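Here is my input; please provide its structure:
(4 chains)
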Protein chains: 2
Amino acid sequence: MEWEFTNDRPVYIQIIEELQFRMVTGFYTPGESFPPVRTLASEAQVNPNTMQRALAELESQGLLCTQRTNAKTLTEDREMLENLKKEMAKKRIRSFLGEMERLGFDRTNTIQLISQIKETIDKEVR
Amino acid sequence: MEWEFTNDRPVYIQIIEELQFRMVTGFYTPGESFPPVRTLASEAQVNPNTMQRALAELESQGLLCTQRTNAKTLTEDREMLENLKKEMAKKRIRSFLGEMERLGFDRTNTIQLISQIKETIDKEVR
DNA sequence: ATTATTGTATTAAGTAATTAGTACAATAAT
DNA sequence: ATTATTGTACTAATTACTTAATACAATAAT
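Now for the predicted structure:
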């Protein structure tokens, strides 16, 4: 999996989001051990401290569990992961609709636009 | 108009986005003079340097025009503004659909979700 | 003509994010 | 028992962002 960062936001925040994506989409298995800080850091090509900062945040959210000096594990609370997933979706929908509305597109309008622009986006992605 | 900044991104970037929103939605009139750097800075409660940095960026994008020491003006190129507006919408749609897809919602699914969640969001906003 | 305004530039300082390098205790692996 | 791995903590240095405080030339306003 590729790690890509933009420079318009702190890297550790982008790491948190990337890991949350992975957590709720089954990239990592609930209850299973998580890659070590150093491994993740070298994969993402950031300093271990930066990765550690992100992991600490995820742990304080209850997503990562750590039993002392053993490897961290992803929470086995699948409901928590499911809720996070819903929250992530809702948050994005809310922000998206808000910005589209400010650009002059109401919800109906936005939905139409999404359908219309579908093919164009597909082309661009290819 | 209220200026609000989050601390997860550089302020000058948030200023650029806010001003772009204003430019494409008729908050400022094309061809007309733009508020002075110092005024904008005090309105947004940031340092003039920070505002200046944002304005310089907008000028390099061709959105702001400056005739030497006179006030800057918003471009009178309405087509440019219209294109920017479309680009802003497309960019947001693309990113939104991409993230929703990663969360497991395809376009059709996402559209349904937007319609379903409509009322909930309205409630929250009230 | 004089004054105020405007864009622009400069230097210094402060803060936050990131990197670099190291260290240590606890567990796992051998 | 010894070694490797892991989480964690720490200090220092660097870079980017932001603020602070000026300064100056060109135009507008008076």
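
from here on, contacts and neighbour counts on C-alpha atoms
Noted.

any idea which residue of chain A is furthest from its center?
residue A:104 (28.4 Å; Cα atoms, centre = their mean).

isn't that one right next to residue B:24, touching?
No. Judged on Cα atoms under 8 Å, residue A:104 makes no contact with residue B:24 at a distance of 9.6 Å.

now the helices for chain A?
A:11-24, A:37-44, A:48-60, A:78-102, A:107-125 (DSSP state H).

picking that back up, could you measure from the closest residue in space to the residue farthest from the centre of chain A that isn't next to it in sequence over to residue B:103?
Spatial nearest neighbour of residue A:104, excluding adjacent residues (Cα to Cα, 6 or more residues apart in numbering or on different chains): residue B:25 at 7.5 Å. To residue B:103, residue B:25 is 31 Å away according to Cα to Cα, to the nearest Å.

same question, residue A:102
Residue A:102 is 25 Å from residue B:103, by Cα to Cα.

For those two, indicate the residue with more neighbours.
Higher neighbour count among residue A:102 and residue B:103: residue B:103, with 17 against 14, using other Cα atoms under 10 Å in any protein chain shown.

Now do the same contact list for the more buried one.
With contact set as Cα atoms under 8 Å, 6 or more residues apart in numbering or on different chains, residue B:103 has these partners: A:21, A:24, A:25, A:85, A:89.

Residue A:51 too?
Per Cα under 8 Å, 6+ apart, neighbours of residue A:51: A:12, A:15, A:37, A:40, A:41.

which residue packs closest to the second one, ignoring adjacent ones?
The shortest distance from residue A:15 to any non-neighbouring residue, by Cα to Cα, 6+ apart, is to residue A:54 (6.3 Å).
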